[in-house]
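Student: Okay, here's the prediction I keep looking at, along with the sequence it came from:
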Amino acid sequence: MQTRRLPAQQAGYRNIRMMVLLGILFFVAVGQYLAGARATDWRTPLSVALHPVIVDDSAEVKQYISRIGSDHFSDIDDFFSAAARRNNLPQTTPVETYPGRPVDSVPPLPDRVNSAFGAIIWSLKFRFWVTRQDWMSDLGPERIHLFLLYHEAREGVTLPHSVGLEKGHVGFAHLFASGGQTRRNQVVIAHELLHTLGATDKYGHDGMPVHPDGFAEPDRSPLYPQRYAEIMGGRIPVTSTTAEMPGGLKSSRIGTRTACEIRWCDF
């Protein structure tokens, strides 16, 4: 004969489950906050692992990835060092990138459906995928892990949108596996890296940088043409209605708003 639970007992069990869940959420939130604070305290260089991922299984892509050496991403380190000097940051080498372990599987990509709930579900799936990669084969001790999704360079092909997540300090970048695209690839990587540190996009729905925060020189007179792209604005404004992609990170800058978002204004 089964014993029937009393309503008070059921309520008690629900309260216990709720307290356990709240406790878990609290520790996750505290852990993410502390990880974020450590990532942007800028007392020591921020270590970033860049993991190549083959998207198009072609000889061109495999050959390109095989040539990635220890200095392949040095332009990114130089970009952040130069920006640190311009912003009077005490740490002269704020970012150190490392070629990470190649990853065999492609991460889950966001759905085209643009909804808050869908974004949350995808974020959880992506972070779980990263965790699985770390379980199966240690990704390394770096604070930030970005996955570089290399595609075959073909005429007229537009790459999907890249993503950087502040929660978890992970992200991915869609890139072309072509020597002629390497410098522009570095711009995309630096952009997504800044997203993982809390920087926001500074361009509108039309892709145009938004004045003033999306301009590298918002007080320039005359305002157009700009000489540089604000890294989170994405493009170099040429006129009020046209903008062009920077050729590389030497044509890009970290603007005042972006610097504050990553806590460079604290110095």
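Tutor: Yep, it's here.
Student: Quick one: residues contacting residue 198.
Tutor: Counting by CB atoms under 8 Å, 6 or more residues apart in numbering, residue 198 touches 36, 40, 166, 261-263. For every residue, glycine as well, the C-beta is placed using N, CA and C.
Student: Roughly how far does it sit from residue 256?
Tutor: Applying CB to CB, to the nearest Å, the value for residue 198 to residue 256 is 15 Å.
Student: can you check residue 50 too?
Tutor: Counting by CB to CB, the separation of residue 50 from residue 256 is 27 Å.
Student: cool, residue 148 as well?
Tutor: Per CB to CB, residue 148 is found 29 Å from residue 256.
Student: same deal with residue 193?
Tutor: Distance from residue 193 to residue 256, by CB to CB: 19 Å.
Student: Ok, residue 266 next?
Tutor: Counting by CB to CB, the gap from residue 266 to residue 256 is 13 Å.
Student: These two: which is more packed in?
Tutor: Legend: neighbour count by other CB atoms under 10 Å for residue 266 and residue 256, higher for residue 256 (16 against 11).
Student: can you pull the contacts of that one?
Tutor: 213, 265.
Student: Residue 121 versus the nearest residue to residue 96 once chain neighbours are set aside, what's the distance?
Tutor: Nearest residue to residue 96, sequence neighbours excluded (CB to CB, 6 or more residues apart in numbering): residue 45, at 4.5 Å. Distance, residue 45 to residue 121, using CB to CB: 34 Å.
Student: Pick out whichever of those two has more residues nearby.
Tutor: Taking neighbours as other CB under 10 Å, residue 45 and residue 121 compare with residue 45 leading, 17 against 14.
Student: can you pull the contacts of that one?
Tutor: By CB under 8 Å, 6+ apart, the residues touching residue 45 are 91, 93-96.
Student: can you check residue 56 too?
Tutor: 150-152, 177.
Student: if you set the cut-off to 10 Å instead, what comes out?
Tutor: When the contact criterion is CB atoms under 10 Å, 6 or more residues apart in numbering, the partners of residue 56 are 62, 149-154, 157, 176-177.
Student: Distance-wise, check it relative to residue 139.
Tutor: In terms of CB to CB, residue 56 sits 23 Å off from residue 139.
Student: for residue 176, same thing?
Tutor: On the measure of CB to CB, residue 176 and residue 139 end up 24 Å apart.
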